[in-house]
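A.B. asks: what's the 3D shape of this:
(one chain, ligands or ions: 1)
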Amino acid sequence: MDLIVGNWKMNLGGRDSLQLIEGILERFKKPLPGEAVVCPPATALFMAGNRVEETPLQLGCQNVFYERKGAYTGEISPDFAREAGSKYAIIGHSERRQFFSEGPEINRRVAAVINSGMIPILCVGESLEEREEGNAWAVVQNQLKQGLQDISTEKLCGLAIAYEPVWAIGTGKSASPEDAQEMASRIIEELNHLQGLRVLYGGSVKPENISEFMTLAEIDGALVGGASLKADSFAKLIYWEK
Ligand code: PEP
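C.D. replies: Below is the predicted model:
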């Protein structure tokens, strides 16, 4: 089943998040062709969770800490995100890697997400320089190994991997469907022991190009930033034409 995830980043406060949720819900026709998930900022999570409860729209969070509780000022507990209604958690987004120096501990975040009962969406992807040097797969493979090490196969059941080339995020320049397909195939091959694995593509996905990715057999969904911030365009992504 398609999984379309809107990453709202730090763009909307509580009021605007609720307004966007209303707009998306107004555009829902039954039945939904797949799963639709929105990831508002942490401050809006609880209100958003209350609003989407008993609707087909699902909730995710943009990040969590790897400890579940304690003296970690400013951090977000995976258990609290779950309590707010999050089903999914984006982990290891390139903006977290770039601006908050996330690296090896992404592995502990993935484990914590699973232990709290959420589904991790682990983001992987190479920079332009790494691609041009021919190292795209080596980088992604390393991020997968690092992100998933020592977590049992059973626990990783249902995991989602978002392949997001860094140079395609927020730039308007998406990867070619061929490149996305090649990377998705390699990810599937690398993780072929995992049941229920889903590979998403992310990087400048919009209503005009989503079908190029969603029609690929290897791609099960999309992680979307900019185009998820308007109800109309998010609804178009959910109801992309087959
Ligand atoms: C993202 O934030 O993960 C993303 C893919 O952003 P955009 O769709 O704006 O490129």
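A.B. asks: make it CA atoms for all contacts and neighbour counts henceforth
C.D. replies: OK.
A.B. asks: Show me which residues of the chain sit near the ligand.
C.D. replies: Proximity of the chain to the ligand, by Cα under 6 Å from any ligand atom, involves residues 7, 168, 169, 170, 202, 203, 204, 205, 223, 224, 225, 226.
A.B. asks: What are the buried residues along stretch 21-28?
C.D. replies: Judged by neighbour count using 16 or more other Cα atoms under 10 Å, the buried positions of stretch 21-28 are 21, 23, 24, 25.
A.B. asks: got a list of contacts for that stretch?
C.D. replies: Contacts of stretch 21-28 with the rest of the structure, by Cα atoms under 8 Å, 6 or more residues apart in numbering, involve 48, 52, 57, 231, 232, 234, 235.
A.B. asks: one more time with 7 Å, if that's ok
C.D. replies: Stretch 21-28 is contacted from outside by 231, 235, using Cα atoms under 7 Å, 6 or more residues apart in numbering.
A.B. asks: Output the buried residues of stretch 21-28 as CSV; include the columns distance to residue 79, pLDDT and secondary structure.
C.D. replies: Putting these into CSV (distance: Cα to Cα, whole Å; pLDDT from 0 to 100; DSSP: H, G, I helix; E, B strand; the rest coil) gives the following:
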residue, distance to residue 79, pLDDT, secondary structure
21, 23, 98, helix
23, 28, 98, helix
24, 26, 98, helix
25, 26, 97, helix
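A.B. asks: Which member of those is positioned nearest residue 211?
C.D. replies: Proximity of the buried residues of stretch 21-28 to residue 211 was ranked by Cα to Cα; the top entry is residue 24 with 19.8 Å.
A.B. asks: closest to residue 102 among the buried residues of stretch 21-28?
C.D. replies: Of these, the one sitting nearest to residue 102 (Cα to Cα) turns out to be residue 21, at 29.6 Å.
A.B. asks: so how far is residue 165 from the closest one?
C.D. replies: Applying Cα to Cα, to the nearest Å, the value for residue 21 to residue 165 is 28 Å.
A.B. asks: Would you list the phi and psi of the most far-flung residue of the chain relative to its centre?
C.D. replies: Residue farthest from the centre of the chain, counting by Cα atoms, centre = their mean, is residue 71 at 27.5 Å. Taking degrees, to the nearest 10, you get phi -80, psi 80 for the backbone angles of residue 71.
A.B. asks: before we move on, what about residue 144?
C.D. replies: Dihedral angles (degrees, to the nearest 10) for residue 144: phi -70, psi -50.
A.B. asks: How about residue 108?
C.D. replies: Residue torsions, per degrees, to the nearest 10, at residue 108 are phi -70, psi -30.
A.B. asks: mind checking how far the nearest residue to it once chain neighbours are set aside is from residue 124?
C.D. replies: Excluding the flanking residues, the one nearest residue 108 by Cα to Cα, 6 or more residues apart in numbering is residue 66, at 5.4 Å. Distance, residue 66 to residue 124, using Cα to Cα: 18 Å.
A.B. asks: So the residue nearest to residue 199 when sequence neighbours are not counted: helix, strand or coil?
C.D. replies: Leaving aside its sequence neighbours, residue 199 sits nearest to residue 161 (Cα to Cα, 6+ apart; 4.9 Å). The three-state label given to residue 161 by DSSP: H, G, I helix; E, B strand; the rest coil is strand.
A.B. asks: Let me see the contact set for residue 161.
C.D. replies: Residue 161 sits next to 121, 122, 123, 198, 199, 200 when contact means Cα under 7 Å, 6+ apart.
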